[in-house]
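# requesting a structural model of the entry that follows:
(4 chains)
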Protein chains: 4
Amino acid sequence: MRETVRLAVQYQVAIGAHPGFPDLSGFGRRSMQLSPREIEDLVVYQIGALAGIAAAQGARLSHVKAHGALYNMASRDPALAGAIARATAAVDSSLVLVGLSGSALIDAGRQAGLRTASEAFADRGYAGDGSLLPRGSPGALLADSEQVAKRAVGMVRRGVIAADDGREIEVRAETICIHGDGPQAAGLARAIRAALEDAGITLSSMAA
Amino acid sequence: MRETVRLAVQYQVAIGAHPGFPDLSGFGRRSMQLSPREIEDLVVYQIGALAGIAAAQGARLSHVKAHGALYNMASRDPALAGAIARATAAVDSSLVLVGLSGSALIDAGRQAGLRTASEAFADRGYAGDGSLLPRGSPGALLADSEQVAKRAVGMVRRGVIAADDGREIEVRAETICIHGDGPQAAGLARAIRAALEDAGITLSSMAA
Amino acid sequence: MRETVRLAVQYQVAIGAHPGFPDLSGFGRRSMQLSPREIEDLVVYQIGALAGIAAAQGARLSHVKAHGALYNMASRDPALAGAIARATAAVDSSLVLVGLSGSALIDAGRQAGLRTASEAFADRGYAGDGSLLPRGSPGALLADSEQVAKRAVGMVRRGVIAADDGREIEVRAETICIHGDGPQAAGLARAIRAALEDAGITLSSMAA
Amino acid sequence: MRETVRLAVQYQVAIGAHPGFPDLSGFGRRSMQLSPREIEDLVVYQIGALAGIAAAQGARLSHVKAHGALYNMASRDPALAGAIARATAAVDSSLVLVGLSGSALIDAGRQAGLRTASEAFADRGYAGDGSLLPRGSPGALLADSEQVAKRAVGMVRRGVIAADDGREIEVRAETICIHGDGPQAAGLARAIRAALEDAGITLSSMAA
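Predicted coordinates:
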């Protein structure tokens, strides 16, 4: 973690906390039924720990984005979304709250007085209702860099993305997620950046 | 934890981090051989987490004191003491580092540019070499409030404490530790405060 | 754990495994969405660990009862119930599977070829649909030993228990649960045993 | 774990428990000061859990070998070695206890009435006193399959291995350890097996 933060500082990458459920063996990808108060406490704890690691490297956190099952549940559940937003604002009200475009997280962030960043996923399939296809289902993870880059440009330029049923869904893509846990992650990132710049779009850091 | 911090804020008690080994089942009381770099990382992480919890309650940390086996090992080992001091200073250089009077922790804190607070134990027995008698050995834990209060006054007034072999050991008691995990803790605290005030000694908060 | 098992051996108390979710900070009382295969693996692991502890004291396990949220979820969900029953049978097909009277756990145990024990709760309130009132709701935990003993006799004699809406629910009480985490637990157990014996009912151990 | 055990059954590989310290973030490679009684409890627990997983696949454990720092400490410390041997015998007295050739573990296993298997390391460097060179020091891990195979034959044929100071150390190699966490592990295993068979040595399973 220390080394990751050090590299982020060196390459001027914005650093954000990615708090999730205390489910070590499931990597936070399995739903847990926690009360909003329990959620608030774990989000405060996890932001604080990373803020300490960042401070020790002379850096600051710029944003917070819930992880895995917590992100998915809070996208739909205003009580959980509110807990995450209140926790974020309580630790540091200058943090940007990242949430799925159009989700309860974005609403909750605004209500808590936070700046928000609506997120869209270039490398994940969408269902017709605007939710992400669950990992493990066909078309959930996209690996073709050309396709992913095209989706990214469509999101930003036209504010839409194609769902798996052919419909176009409206999305607000203030930040684009690429999953870092595949071998093609860096390639996708390069392809997306190039395609966005070719389309005349200027990228800026969350920290700015 | 949130509730503890809230009460500390309400009663104006200084809040400090108490980082220890990742030994949940042993409550951090069992030695572990970690490298100084591993120690640095866990101290940063634990201070950060508590600083976040404090910030969410509108409070700030005032000091850091290592816990259990980490405290004991770092009292004698300059490499571990240095790791704790560097980690503390890296997260927040205004924190006070608490360490056993005369120990490597106090030296390391000064070298790291931190304010330090030399600690003495009113409710623990001392060996002739100035170390604490190990928990579990006879005389390690003192419960008699009159005896404990008398020891406290002696530490502060005369800078000495009686060891189990009868010798008087020099101690610098800028802060006095009472263990909170016994039923008599609040009574000991009251007795010590009363005895110190009777002796004309003024107490002030670590946060001041 | 070793000492608990030793006492059970000394007093000839049947020993059972009580597997639950890997949710240490929530004591297994919070729902988690695990796949049936993940459930199978954790139940095998937890039964095995306790069987080892029992073996080291010269004892054997007699039964398995899921804990907390896992018990509640598996009572209603045949896929989870099947996972628990298969895991139990795979480790030791002579184990008795304990489950809520009338629940999916009892069905799954029979399908897996296990002996089952239908359980009723003397110290918990029931809803009209036969489920337990959630902890924290009014009437969820009963502490009056006379009332609890009367309910126990009614379960066994007449096969019914009063729900919170006044209805009588049919229950099969082959084993009666009393929660051990309250100060009145031993008193309730004595009162229940006395009332059952007064009613001419013979108790026998699960291990028999 | 379930899949590993299933493969072991399919390929008739003997299955052994590898109990270690509860140090998840350090993978059990960092020393911890636990009492012999604490060691006994954790060894019982870990053997039991794996025995359950094996039983669920229709298999049995054949041996026990302590892991990482626990193995190294118990090699030299009769109290820890005794705790491991007693725990193993208490769970299942037919288990073989694996320990470093000439170490306290082999003595303790015999005293506990267990069959023992003296172990030598083909892919680790030895110090002149017969201990393993610590991981991280030069020559601690050997990757050249020809060298490793030659060392294996020397151990078994002549009962010796070359230490890093040039001396020959006596070893009894009833079982040979190869570390499975490097990319060359399978290649080393094949080279050692071929070299031993070329030297006219017959291999047999620990389970036999």
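# hey, let's count contacts and neighbours off CA atoms from now on
OK.
# mean confidence score for stretch A:100-120?
In this model, stretch A:100-120 has an average pLDDT of 97.
# flag every buried residue along it.
In terms of neighbour count (16 or more other Cα atoms under 10 Å in any protein chain shown), stretch A:100-120 has its buried residues at A:100-109, A:112, A:114-120.
# repeat for stretch A:145-164
Under the neighbour-count criterion of 16+ other Cα under 10 Å, stretch A:145-164 has A:145, A:148-156, A:159-164 buried.
# repeat for stretch A:168-177
Neighbour-count burial for stretch A:168-177 flags A:I169, A:V171, A:R172, A:A173, A:E174, A:T175, A:I176 (criterion: 16+ other Cα under 10 Å).
# could you identify the most distant pair in these?
Spatial extent of the buried residues of stretch A:168-177 (Cα to Cα) is set by the pair A:I169 and A:T175 at 16.5 Å.
# mind listing which of the buried residues of stretch A:168-177 are in strands?
A:I169, A:T175, A:I176 (DSSP state E).
# and chain B, which of the residues you listed reach it?
Contacts with chain B within these, counted by Cα under 8 Å from any Cα of the partner chain: none were found.
# on that earlier part again, and of the buried residues of stretch A:168-177, the nearest to chain D?
Nearest to chain D among the buried residues of stretch A:168-177, counting by Cα to the nearest Cα, is A:I176 at 31.8 Å.
# could you dump the ones in strands among the buried residues of stretch A:168-177 to CSV with pLDDT and distance to chain C?
Listed next are those as CSV, based on pLDDT from 0 to 100; distance: Cα to the nearest Cα, whole Å:
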residue, pLDDT, distance to chain C
A:I169, 93, 28
A:T175, 97, 29
A:I176, 96, 28
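# does the helix or strand encompassing A:V64 reach chain B?
Per DSSP states H and E: A:V64 is located in strand A:61-65. No - Strand A:61-65 lies out of reach of chain B by Cα under 8 Å from any Cα, never closer than 12.1 Å.
# partners of that strand in the sheet?
Next to strand A:61-65 in the sheet, as set by DSSP bridges, lie strand A:15-17 (parallel), strand A:96-100 (parallel).
# quick check: the nearest residue to A:S205 once chain neighbours are set aside vs B:A54, distance?
With Cα to Cα, 6 or more residues apart in numbering or on different chains as the criterion, A:S205 has its nearest non-adjacent residue at 6.3 Å, and that residue is A:A14. In this view, A:A14 and B:A54 are 24 Å apart by Cα to Cα, to the nearest Å.
# and the closest residue to A:R2 other than its chain neighbours, what does it touch?
Leaving aside its chain neighbours, A:R2 sits nearest to A:I53 (6.5 Å; criterion: Cα to Cα, 6+ apart). Shown in contact with A:I53 (Cα atoms under 8 Å, 6 or more residues apart in numbering or on different chains): A:M1, A:R2, A:V5, B:D41, B:V44, B:Y45, B:G48, B:V91.
# in three-state terms, label the fourth one for me.
Meaning B:D41. Per DSSP: H, G, I helix; E, B strand; the rest coil, the local secondary structure of B:D41 is helix.
# also the third one?
The assignment at A:V5 comes out as helix when based on three-state DSSP.
# skipping its backbone neighbours, what lies nearest it in space?
A:A54 (6.4 Å).
# for chain A, what lies in contact range of chain C?
A:P22, A:D23, A:R30, A:S31, A:M32, A:Q33, A:L34.
# A:A194: which of those residues is nearest?
Closest to A:A194, out of all of the residues of chain A next to chain C and judged by Cα to Cα, is A:R30, at 34.6 Å.
# picking that back up, just the buried residues of the contacts of A:I53.
Neighbour-count burial (16+ other Cα under 10 Å) applied to the contacts of A:I53 gives A:V5, B:D41, B:V44, B:Y45, B:G48, B:V91.
# from chain A, which residue is nearest to chain D?
For chain A and chain D, the shortest gap (Cα to the nearest Cα) falls at A:L24, measuring 10.8 Å.
# residues in contact with A:S131?
For A:S131, no contacting residues are found, by Cα under 8 Å, 6+ apart.
# for chain A, longest strand please?
If you go by DSSP E, chain A has its longest strand at strand A:115-121.
# how about residues contacting that strand?
Under the criterion Cα under 8 Å, 6+ apart, residues A:94-102, A:106, A:109-110, A:155, A:171-178 lie in contact with strand A:115-121.
# and with 6 Å instead?
For strand A:115-121, the external contacting residues (Cα atoms under 6 Å, 6 or more residues apart in numbering or on different chains) are A:V96, A:L97, A:V98, A:G99, A:L100, A:S101, A:R172, A:A173, A:E174, A:T175, A:I176, A:C177.
# ranges for the helices of chain A?
With DSSP state H as the criterion, chain A has helices at A:2-10, A:36-56, A:68-76, A:78-91, A:104-111, A:145-158, A:185-198.
# what does chain A put close to chain B?
Chain A has residues A:V44, A:Y45, A:G48, A:A49, A:G52, A:I53, A:A55, A:A56, A:A90, A:V91 near chain B, with proximity defined as Cα under 6 Å from any Cα of the partner chain.
# mind putting these into TSV with pLDDT and distance to D:R86?
Putting the residues of chain A next to chain B into TSV (pLDDT from 0 to 100; distance: Cα to Cα, whole Å) gives the following:
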residue	pLDDT	distance to D:R86
A:V44	98	45
A:Y45	98	42
A:G48	98	44
A:A49	98	41
A:G52	97	45
A:I53	97	43
A:A55	97	48
A:A56	97	46
A:A90	98	53
A:V91	98	51
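# hmm, which two among those residues are most spread apart?
Distance extremes for the residues of chain A next to chain B: the farthest pair is A:A56 and A:A90 at 21.0 Å, using Cα to Cα.
# looking at these two, which one has more neighbours?
Counted by other Cα atoms under 10 Å in any protein chain shown, A:A56 and A:A90 do not tie: A:A56 has more neighbours, with 26 against 20.
# tell me which residues touch that one, please.
Counting by Cα under 6 Å, 6+ apart, A:A56 makes contact with B:A90, B:V91.
# and the gap between it and chain C?
Relative to chain C, A:A56 is positioned 28 Å away (Cα to the nearest Cα, to the nearest Å).
# same thing with A:L50?
Going from A:L50 to chain C by Cα to the nearest Cα gives 20 Å.
# got a list of what A:G28 touches?
Taking Cα under 6 Å, 6+ apart, one finds A:G20, A:F21, A:G68 in contact with A:G28.
# and of those residues, the nearest to chain B?
Closest approach to chain B among the contacts of A:G28 (Cα to the nearest Cα): A:G20, at 14.5 Å.
# burial of the residue in chain A that chain C sits nearest to, as a residue count?
Of all residues in chain A, A:M32 sits closest to chain C, at 4.3 Å by Cα to the nearest Cα. Look at A:M32: counted by other Cα under 10 Å, it has 19 neighbours.
# dump the residue contacts of A:S145.
A:L188.
# one more time with 7 Å
For A:S145, the contacting residues are A:L188, A:A191, by Cα atoms under 7 Å, 6 or more residues apart in numbering or on different chains.
# could you do A:V91 as well?
Applying Cα under 7 Å, 6+ apart to A:V91 gives the contacts A:V44, B:G52, B:A55, B:A56.
# gap between the nearest residue to the second one once chain neighbours are set aside and C:S35?
Excluding the flanking residues, the one nearest B:G52 by Cα to Cα, 6+ apart is A:G48, at 3.8 Å. Note on A:G48: its distance to C:S35, by Cα to Cα, is 32 Å.
# what does A:P19 give?
Using Cα to Cα, we find A:P19 at a distance of 23 Å from C:S35.
# and for A:S101?
A:S101 sits 29 Å away from C:S35, going by Cα to Cα.
# go on, A:M155?
Distance from A:M155 to C:S35, counting by Cα to Cα: 34 Å.
# repeat that for A:I53.
Plainly put, A:I53 is 35 Å away from C:S35 if you go by Cα to Cα.
# closest one to C:S205 among the strands paired with strand A:61-65?
Checking the strands paired with strand A:61-65 against C:S205 by Cα to Cα gives strand A:15-17 as the closest, at 52.7 Å.
# gap between the closest one and the chain center?
Relative to its parent chain, strand A:15-17 has a centroid offset of 10 Å by Cα atoms, centre = their mean, to the nearest Å.
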